[in-house]
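Enquirer: I would like to see how this sequence folds:
(chains A and B)
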Amino acid sequence: AQKVTQAQTEISVVEKEDVTLDCVYETRDTTYYLFWYKQPPSGELVFLIRRNSFDEQNEISGRYSWNFQKSTSSFNFTITASQVVDSAVYFCALSEGTGGFKTIFGAGTRLFVKA
Amino acid sequence: NAGVTQTPKFQVLKTGQSMTLQCAQDMNHEYMSWYRQDPGMGLRLIHYSVGAGITDQGEVPNGYNVSRSTTEDFPLRLLSAAPSQTSVYFCASSYSQGPSEQYFGPGTRLTVT
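Expert: Predicted coordinates:
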């Protein structure tokens, strides 16, 4: 069965610090997709990135970067030089082929960035 | 495009009452799903649909019914509300299963007393 673990419940950093949000997943499928979503204080859910299981290349988008390692079943998210606007809950999610590609989310990590 | 819309935004029910949470999307997405969000538990999948006429259960389906008669609409029915169903409910849609990111509605905050 698929499972996503985000062990960090809350993280607090000071602006301009780098921060890494951990995501560990479990799946028996060889074909699966991993996602990160952001939920700012306003409550909406915003898509950040998608990765498929055959593409282990790391990705960078501005201050955001993602490290996908199949060997450790991890898909970690790093924010460089954090800003107050990065304060949000971040969710990691997994969608696997078996079971119709339904998407399962982790419990989320709440990030506080203090000025 | 309005994207994914949900009504109502807020609702208070008494135990045992029934109601329907509405969800509609105008992006012609095949895949739609319902999640509930509770503190410390992230988003849990209630039901999902891969197209009109096809629905399936997610992680926490008990106490909820869904139907998908059109591509656009995916209502969630609470048959007999219980306090344990107090939560924030999100509807989402995507172009297809798996590979596509989901677009979420603004959520419905439901309180059952």
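Enquirer: just how off-centre is stretch B:17-35 within its chain?
Expert: Between the centre of stretch B:17-35 and the centre of its chain there are 5 Å (CA atoms, centre = their mean, to the nearest Å).
Enquirer: for stretch B:8-17, same thing?
Expert: For stretch B:8-17, the distance to the chain centre is 15 Å (CA atoms, centre = their mean).
Enquirer: What is the three-state secondary structure of the closest residue to A:Asp86 other than its chain neighbours?
Expert: Excluding its sequence neighbours, the residue lying closest to A:Asp86 (CB to CB, 6 or more residues apart in numbering or on different chains) is A:Val113, at 5.1 Å. C-beta: built from backbone N, CA, C; applies to glycine. Three-state call for A:Val113 (DSSP: H, G, I helix; E, B strand; the rest coil): strand.
Enquirer: residue contacts, A:Val113?
Expert: Contacts of A:Val113 were listed using CB atoms under 8 Å, 6 or more residues apart in numbering or on different chains, and they are A:Val13, A:Val14, A:Glu15, A:Val19, A:Ser82, A:Gln83, A:Val84, A:Val85, A:Asp86, A:Ser87.
Enquirer: mind checking pLDDT for the last one?
Expert: Right, the one you point to is A:Ser87. Looking at A:Ser87, its pLDDT is 98.
Enquirer: For it, the count of nearby residues, please.
Expert: Applying other CB atoms under 10 Å in any protein chain shown, we find 17 residues neighbouring A:Ser87.
Enquirer: how close does it sit to A:Ala115?
Expert: Separation of A:Ser87 from A:Ala115 (CB to CB, to the nearest Å): 10 Å.
Enquirer: Also the fifth one?
Expert: Between A:Ser82 and A:Ala115 the distance, using CB to CB, works out to 11 Å.
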